[in-house]
Every structure is written in C-alpha cells, then in structure tokens.
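S.K.: Have a look at this prediction, sequence included:
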Amino acid sequence: MCAGIGRILGATSDLVLQASVLTGADLLIAVKELQPSVAVVDIDLPDGSGLDLPVRIAELSPSTKTVMFSMYSARAYVEQAKAKGASAYLTKACLDEELTATIRAVVESDSFVSLQQSGAPPAAAPPTSFDLLSARELEVLKLLTLGLTNSEIATELFVSPRTVEGHRASIQRKLGLRTRAELARAAHAAGIGA
C-alpha cells in the first residue's frame with residue numbers, strides 16, 4: 001500500500017511524499033519531525049488502530065490533517081474516523097484520482113471531506129447491512145472473525161463477557177445471522193476481519 005501511494009503521489013506535480021512508514025509509532029515520529037500538510041493513515045497498523053492517531057497527530061502538528069485509508073467501507077468506521085478528528089475517509093478500492101483529489105480537498109477545507117465533496121466519483125460500496133452496526137459492534141465482529149472467545153474479546157476491549165455477548169446478539173440480529181460461522185463468513189466476504 002505504501003508503495004502504491006508513493007507511485008500515485010509521484011505522478012503528480014503538486015503533491016510530494018515526505019515519508020512512508022509502517023507503524024503508528026513511526027508515523028508519529030515522522031509527523032513531529034516533518035510537520036506534513038496531510039497524513040494518510042491505514043486503520044489496521046501492526047502496533048494498533050490508526051483510528052487512535054488523528055488526535056495525536058494534531059497534538060504533534062496542529063496543521064497536519066489526517067486522511068483515513070481502509071478496506072472497511074462500513075458507515076460506522078467513517079463516523080468513528082470523523083469523530084476522532086480525521087479530515088477524510090477513503091477505502092482502498094478508491095482510484096488514483098480519488099486519492100489525490102481527496103488529499104487536495106483536505107488541504108483546502110476545514111470540514112470533513114467525502115469523495116463527493118472532493119469532486120471525484122464515489123468509490124465506496126453502496127450501504128450494506130454492516131452499516132447498521134455501531135463502531136463497537138464492528139470491533140467485536142472483527143475480533144470474532146479472528147477466532148477470539150467472548151472472554152478474550154472482553155479482555156481485549158476492557159468490557160465484561162456479558163457485554164460482548166450482548167454486542168454479538170445485536171450483531172446477529174441486525175445482520176439476520178444465527179451462528180458464529182455465519183458471522184465469520186459474512187464478515188470475511190465484506191472485507192472485515194482476518
């Protein structure tokens with residue numbers, strides 16, 4: 001992904017790639033040192049969630065805006081990114097022009113930028129039943145697809161196993177699925193989880 005973004009930006013005359021890093025920790029170091037206009041951040045990082053980084057990026061470099069880049073198109077992820085201070089959200093299905101148009105729009109705007117606002121055609125999939133899930137339910141679903149038990153998920157999310165069971169029941173009801181195997185298959189088909 002890093003090489004792909006570098007190739008896309010290298011083909012433009014007005015956008016320059018200042019750094020390419022693989023972890024959130026390295027990103028924060030680069031942001032502090034380089035003070036870039038925009039940081040393009042993946043949600044899934046080896047050392048944590050990219051959704052935790054927009055606030056920290058803003059603390060280190062108040063003028064840097066964050067574009068979240070993810071394979072997840074569910075509306076709950078978009079809303080969570082927006083709530084955590086991101087300036088835009090793109091899926092990895094976006095076209096080269098959509099990425100560059102969004103970066104340019106973010107630089108020029110103080111509001112949350114969508115593909116439609118940036119002037120690029122929409123690349124995100126149409127709304128699905130996964131859009132009915134809350135951000136927390138998506139987290140639980142992702143951990144379920146990784147094979148974690150309710151107790152393990154509870155430990156991971158600092159909640160009780162009973163809370164996890166409640167989220168799981170809500171997910172199954174919203175998606176119309178009955179078993180853990182059905183949940184895992186549907187999540188994998190939607191690009192959520194492992």
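M.R.: Structure received. Residues are numbered from 1 along each chain as shown.
S.K.: Name the residues of the helix or strand of the chain with the lowest mean pLDDT that are buried.
M.R.: Sorting the helices and strands of the chain by mean pLDDT, DSSP states H and E puts helix 180-189 at the bottom, at a mean of 79. Within helix 180-189, the residues that qualify as buried are 183-184, 186-187, counting by 16 or more other C-beta atoms under 10 Å. Any C-beta I mention is one placed from the backbone N, CA and C, and that applies to glycine too.
S.K.: Max pairwise distance over the residues you listed: which two?
M.R.: Farthest pair in the buried residues of helix 180-189 (C-beta to C-beta) is 184 and 186. Separation: 7.5 Å.
S.K.: Can you list the residue ranges for strands in the chain?
M.R.: 38-42, 44-45, 48-49, 65-70, 88-91 (DSSP state E).
S.K.: could I get those as JSON lines with distance to residue 150, mean pLDDT and mean neighbour count?
M.R.: Formatted as JSON lines, the strands of the chain follow (distance: least, C-beta to C-beta, whole Å; pLDDT from 0 to 100; neighbours: other C-beta atoms under 10 Å):
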{"stretch": "strand 38-42", "distance to residue 150": "28", "mean pLDDT": "93", "mean neighbour count": "23"}
{"stretch": "strand 44-45", "distance to residue 150": "22", "mean pLDDT": "82", "mean neighbour count": "16"}
{"stretch": "strand 48-49", "distance to residue 150": "21", "mean pLDDT": "84", "mean neighbour count": "14"}
{"stretch": "strand 65-70", "distance to residue 150": "26", "mean pLDDT": "90", "mean neighbour count": "24"}
{"stretch": "strand 88-91", "distance to residue 150": "30", "mean pLDDT": "87", "mean neighbour count": "25"}
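S.K.: if we can go back for a sec, what's in contact with the least confident helix or strand of the chain?
M.R.: Helix 180-189 has contacts (C-beta atoms under 8 Å, 6 or more residues apart in numbering) with 141-142, 144-145, 168, 171-172, 175, 177, 193-194.
S.K.: any idea how far residue 183 is from residue 85?
M.R.: Applying C-beta to C-beta, to the nearest Å, the value for residue 85 to residue 183 is 30 Å.
S.K.: I should have written residue 79 there, sorry.
M.R.: In terms of C-beta to C-beta, residue 79 sits 22 Å off from residue 183.
S.K.: How about residue 43?
M.R.: Counting by C-beta to C-beta, the gap from residue 43 to residue 183 is 20 Å.
S.K.: And residue 171, by the same measure?
M.R.: Counting by C-beta to C-beta, the gap from residue 171 to residue 183 is 7 Å.
S.K.: which residue packs closest to the most centrally placed residue in the chain, ignoring adjacent ones?
M.R.: Centroid check for the chain by C-alpha atoms, centre = their mean gives residue 43 as the closest residue, at 3.8 Å. Leaving aside its sequence neighbours, residue 43 sits nearest to residue 70 (C-beta to C-beta, 6 or more residues apart in numbering; 4.0 Å).
S.K.: Return the residues in contact with that neighbour.
M.R.: Counted by C-beta under 8 Å, 6+ apart, residue 70 has contacts 42-44, 50, 77, 89-92.
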